[in-house]
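# got a predicted structure plus its sequence, pasted below:
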Amino acid sequence: MSENLTASSPSAGSMQAGLPAPVAGRRRNGVIERTLAELSHAMEHSLFSEDIARKPGLLQSLDPRVKLLSMLALLIAVGLSRSLLVIAGLYVITLVLAWRSAIPVGFFIKRVWLFLPFFTGVIALPALFLTPGPALLQLPLDLVVTRTGLMTALFLLLRVSTSVSMAALLTFTTPWIDVLKALGVLRMPEAVILIFGMTYRYIYLLLNTANDMFLSRKSRVVGRTTGADQRRMMGASAGVLLGKSMRLSSEVYLAMQSRGFRGHARMPGTASFSIRARDWVAVIVVAIVTVGAIWLGQ
Amino acid sequence: MLNSPSYMHVPDGMLSPLTSLIMFLLVLPFWYKGARGLSKRVNARNVPLIALMAAFSFIVMMFNVPLPGGTSGHAVAGALVAIILGPGVATIAISIALVIQAIFFGDGGILQIGANCFNMAVVLPYVAYGIYSLISANSSVTSVRRVIGAALGGWVGLTVAALVTAVEFGLQPLLWHAADGTPLYAPYPLNVAIPAMVIPHLLVASVIEGLVGAAVVLYLQRANPAILQLFTKQTVATGTVAPGRLRLLWIGLLALIVATPLGLLAPGTAWGEWSADELSRMGLGIVPQGMSTMQGLWGAPLADYGIPALGNTSLGYVLSAVAGVGLIVVVSWLLSRLLAGMTRSQKPAVPALQESEQK
Amino acid sequence: MNNETIFDLQDVSFAYEGKQTALEHVSLSINAGERIVVLGSNGSGKSTLLKLLDGLYFATVGVVNAYGQPLTEVAFDDDAFNFAFRRKVGLVFQDTDVQLFSPSVWEEVAFAPMQMGLGKAEVNARVDSALHALRIEKLRDRAPHRLSGGEKRRVALASVLTLQPDVWLLDEPTTGLDPRSQSWLVNFIVDQGRAGHTVITATHDLSIVDAIADRVYVFDEAHHVVAQGTPHAILSNNELLLACNLSHDHVHRHDDGNEHMHPHVHPLAHTHTHALKREA
């Protein structure tokens, strides 16, 4: 009866088995391996955050709707504030919240700063030199760090990292299914919420399919392949995946029809949520912090 | 927090909240148009289709694609999805993938969902589809024109999307800076932002987008041609209406390109602050080197048009951006005309995969 | 009641949009409360037949009647008919990744009663009782991608059980199950039959046929019904099974060094003897 009640699915297992060895330097079939690494990274990330979301903690105990709206309010506060100090203060608050919510703080900081979207680094760094303003520091090669440039770069880095941290707080402390239901608060059509749920569900299936596909290709590829070969291979892999997605979608449509789906999605919604005293406290605190941050930041 | 698929996922903090709001309002009608039909029975089939295509684009964004010369990168796959589902449905599918990326993987800001969806789920698929359908109009399903159309559509589509993103960035320092001139959000003006975004896209990211689209179309022509006919079938069914609809698409697209920068300017009215004085200081100032080269790169074509009446060179950059897009549009249109004239090919065969689900 | 005809097919053929044929000249009749096995190898048309019976595909030629009414696209355009039919007939797809499209087990199991427009309390009650019946209460908040093959199959059954259907259509329900789950599944089907429900199972798994069928229809690879009869009659007809690619010759070497070849079948477990074997 309970022989199958194990924690991880066989597919997740095969994902694990598919973890590529750390890639040192550029390898011959680097494209496949890098793709595999990204696929497993995505899978691990979500399994990991689902696990934290089910631990007891401060943010875990709040209503997902309250968390979602609080996050949006605080993100706006970060966006509107014009003081580096205020934004830094908000960043410290995210660290405290992470600590109180069973998220390893060291991991939380590293995650945000190490994986800070590459984009931001690329933009923030040259801003040090490219922004006109009073000179602050003379570097070799005629590079001058301007005061304005430094401020701009700090604004960017702090805003981005604080915002990313806030989004991470929500996803680390809320099971996906609850985030999904909470989206209903934003007055999204039910059909769209239905699609969100299905998308998330099938991302995992296609992750596994892609993972298996690349593993088998990796095992078959011996010797050097040309860029053109690899492009053809990537194109064919995407094509296979696309074909599978299309077939699945028509089959899934039949399965939905069979159980009465007629286009009018009826979803359970947020019935299972309940606002408790602590949620009201959270709402009040967030409102004060938001207004305060915007006011102080002017 | 995964490697960004291209440099296009705008994080929170890059755009002012007001810009984010405007971008959100701009994308809203496209979402509305795409979602409106979903609860109708005739379109019920689109519910799982969009979900699967959103999941598909999410996964394909993780594929590493090598470029000649040793680098590799990711495609957004927006062009591909538009070719298969049409731009309206593609908008919804890619938007959903982008929202999941933003919320769960920190790729792209949550307040920037409007901007990111506008750039990658509206501009990219509409431009790519427009070019693809012009080039491949009336071609057989195995025609090489479809491959060329997919390649060119992806390449131009993502480049235009990058341009639109650059305009969003470039307007930030004009509109929002502290009293001492410190830019509060994206720091570079249009004359830096546009070449910095557009040139690498032209050479790398957009090339990948085009290559992926072409490679997949090539594969589908051999292995699964029915998929390529899913959407075009509808235009075939409505017969002669198709060209008219396409023209409408182009007009809408042009209006969009023009409206984007102007729409962003309207509420800011910060033009005066960016005085010629300041501009010249910037030009002569501390980092003239890179700045003036970039300025030369981008500013040259329209330099003689000068807009002294407006007393503002930045507007020149906006206009030159629009003109650049216009140029691409005209070239694509001429090219497709030429190709269409050369090959009077047969009508597509009756597709065999699914019923048409849209009226 | 027990003699009421549920499904009646007269010379039905089906082809996927102008392409390959999936069913040819199929005639069959199924009564209320019967337990039927549709036996055939992969690609023989079993799945297609179940989709025709469930009103998901429509006959290219001929008529499929259910409860005395023809199943046509036009008939299903009528909301009342669609509603009534979907409540009575439930299909469990072979691929659980198709059947389970919701983000959590609870939502999956609640999907059918929600679409039926049932009230909140009724939906909750039905979901709870289905989760209980399949002993998967613990899984209610799980995501489908974190379930094992056996768990997925249970959730798939629960997602149809909440419809409380009169007719069960099961497509290859033993796919991907280990032996213990398989015997549990057989019990589930037996229980549904005892409760008076009609259970139609498509399978190529000969080992479960005897336990879950009163009557068997056999499909050959040309998509025809080539035989029908009691499980015993069908399972003991080795030529038939071989011809329909439901068993294969089995070669093995005995201790004395002689090679024996005999049809490899899994008929009634306790009546299997080497009487079937013949010299190579």
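Thanks, I have the structure now.
# wait, what's in contact with residue 182?
In the absence of a named chain, chain A is used. By C-beta atoms under 8 Å, 6 or more residues apart in numbering or on different chains, the contact set of residue A:182 is A:64, A:65, A:67, A:68, A:174, A:270, A:273. Glycine gets a C-beta too; all of them are placed from N, C-alpha and C.
# you answered for a different chain; I wanted chain C.
When contacts are counted by C-beta under 8 Å, 6+ apart, residue C:182 touches C:174, C:208.
# flag the least confident of the contacts of residue A:182.
By pLDDT, residue A:270 ranks lowest within these, coming in at 60.
# quick check, the residue in the stretch 51-200 of chain C closest to chain B?
residue C:101 (6.8 Å; C-beta to the nearest C-beta).
# any idea which residue of chain C lies closest to chain B?
residue C:17 (4.6 Å).
# surely that residue is within a strand?
No. Assignment of residue C:17 by DSSP: H, G, I helix; E, B strand; the rest coil gives coil, placing it outside any strand.
# and the residue of the stretch 51-200 of chain C closest to chain B, how far from residue B:54?
Distance of residue C:101 to residue B:54, computed by C-beta to C-beta, to the nearest Å: 13 Å.
# confirm that residue C:29 sits in a helix.
No. Assigned with three-state DSSP, residue C:29 falls outside any helix and is strand.
# next up, phi/psi of residue 63, please.
In the absence of a named chain, this looks at chain A. Torsion angles at residue A:63 (phi, psi; degrees, to the nearest 10) stand at phi -70, psi 130.
# if you could check chain C rather than the one you did, that'd help
According to degrees, to the nearest 10, residue C:63 has phi -130, psi 140.
# so in terms of bridging, what pairs with it?
Residues in a beta bridge with residue C:63, per DSSP bridges, are residue C:10.
# list the residues that contact it.
Residue C:63 sits next to C:9, C:10, C:12, C:70 when contact means C-beta under 8 Å, 6+ apart.
# domain ranges for chain C, per the record?
If you go by automatic domain parsing, the domain ranges for chain C are C:33-61+C:75-246, C:248-280.
# any chance of these in a markdown table, with mean pLDDT and distance to residue A:218 too?
Formatted as a markdown table, those follow (pLDDT from 0 to 100; distance: least, C-beta to C-beta, whole Å):
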| stretch | mean pLDDT | distance to residue A:218 |
| --- | --- | --- |
| domain C:33-61+C:75-246 | 91 | 23 |
| domain C:248-280 | 54 | 34 |
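# most packed of the ones you listed?
Highest mean neighbour count among these (mean count of other C-beta atoms under 10 Å in any protein chain shown): domain C:33-61+C:75-246, with a mean of 20.
# for the residue of chain A found nearest chain B, what are its contacts?
Per C-beta to the nearest C-beta, the residue of chain A with the smallest distance to chain B is residue A:235, at 2.3 Å. Shown in contact with residue A:235 (C-beta under 8 Å, 6+ apart): B:211, B:212, B:214, B:215, B:216, B:218, B:219.
# if we go to 10 Å?
Taking C-beta atoms under 10 Å, 6 or more residues apart in numbering or on different chains, we find residue A:235 in contact with B:63, B:65, B:80, B:211-220.
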